[in-house]
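>>> Dropping the sequence and predicted coords here.
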Amino acid sequence: MNAIFKILFLLLLCFSQINLLACRCKDTVSVFQSYLNASAVYVGKVVSIKDSAHHKEVTFVVSQNIKHIYKSTVTLRVGHSSCDWNFKLDSTYLVYANKDVLGHLHTNLCTRTKLFSSSSEELKELHAHDMMDCKVLLPVEPSEICKENYEPVCGCDDQTYGNPCIAHNNGVNHWIWGECRNLKKQK
């Protein structure tokens, strides 16, 4: 009986070590490289988490587009492994997300995703790089025909646009929700 407990303990120890090793990220990638590697980068607040057997679907209300998010809400998928983020409802995050082969956004602990409250230095660094220029210098091909709905965003050029789609089609790389004049009054 004692030998069985020893074997079970050794097996448990081996599996716990495998789990720890499974979550090691390769090399730490710089903020700029993480930005380049990501399909989307944004600041958003978690408003819902739906759990399934294979993954969780985490929905964010986007407060700041940094790269390629042109909607007010975005949903991404995270798995159930020790390497996946355990997002909390009503918390705000700086998210670096990638698309899988089916087009779903996902993130994990090896990206630079973090709580927004600990991201101020990273946001400063993102804004310091040339990739974060306010406007695309080349002519922009509209990504889509924009709807008429008025969901104002304040572009990084201090111009108010009717919605994120219009800002994007005008070459604006990043924006914050709300009219520029209202945001200036809050400061």
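The structure has been received and is ready for your questions. None of the values given here were measured: they were computed from a predicted structure.

>>> K114: what's it in contact with?
Taking C-beta atoms under 8 Å, 6 or more residues apart in numbering as the contact definition, K114 lies against Y93, L94, E122. The way it works is simple: take the backbone N, C-alpha and C, and place the C-beta from them, glycine included.

>>> okay, now C25: neighbour count?
For C25, the neighbour count with other C-beta atoms under 10 Å is 11.

>>> one step back: buried only: go through the contacts of K114 for me.
By neighbour count, with 16 or more other C-beta atoms under 10 Å, those hold Y93, L94, E122 as buried.

>>> I'd like those as a markdown table, with pLDDT, secondary structure and distance to V41 appended.
Shown next, in a markdown table, are these (pLDDT from 0 to 100; DSSP: H, G, I helix; E, B strand; the rest coil; distance: C-beta to C-beta, whole Å):
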| residue | pLDDT | secondary structure | distance to V41 |
| --- | --- | --- | --- |
| Y93 | 95 | strand | 11 |
| L94 | 94 | strand | 8 |
| E122 | 87 | helix | 10 |
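
>>> Just the buried positions in whichever strand or helix holds F32, please.
Using DSSP states H and E, F32 sits within helix 31-37. The neighbour-count check on helix 31-37 (16+ other C-beta under 10 Å) flags V31, S34, Y35 as buried.

>>> And the helices in the protein?
Ranges of helices within the chain are 2-22, 31-37, 120-128, 164-169, 180-186, based on DSSP state H.

>>> Worst mean pLDDT among those helices?
Lowest mean pLDDT within the helices of the chain: helix 2-22, at a mean of 51.

>>> Which strands and helices lie in contact with the helix holding F32?
strand 92-99, helix 120-128 (3 or more C-beta pairs under 8 Å, 6 or more residues apart in numbering; DSSP states H and E).

>>> Relative to the whole chain's centre, how far out is that helix?
12 Å (C-alpha atoms, centre = their mean, to the nearest Å).

>>> cool, and stretch 102-109?
9 Å.

>>> same deal with stretch 72-84?
Stretch 72-84 sits 10 Å away from the centroid of its parent chain (C-alpha atoms, centre = their mean).

>>> how near is the closest residue to H104 other than its chain neighbours to I145?
Of all residues not flanking H104 in the chain, R77 sits nearest, at 5.2 Å (C-beta to C-beta, 6 or more residues apart in numbering). R77 is 28 Å from I145, where distance means C-beta to C-beta, to the nearest Å.

>>> ok, the residue nearest to H104 touching L105?
Yes: counting by C-beta atoms under 8 Å, L105 is a contact partner of R77 at 7.0 Å.
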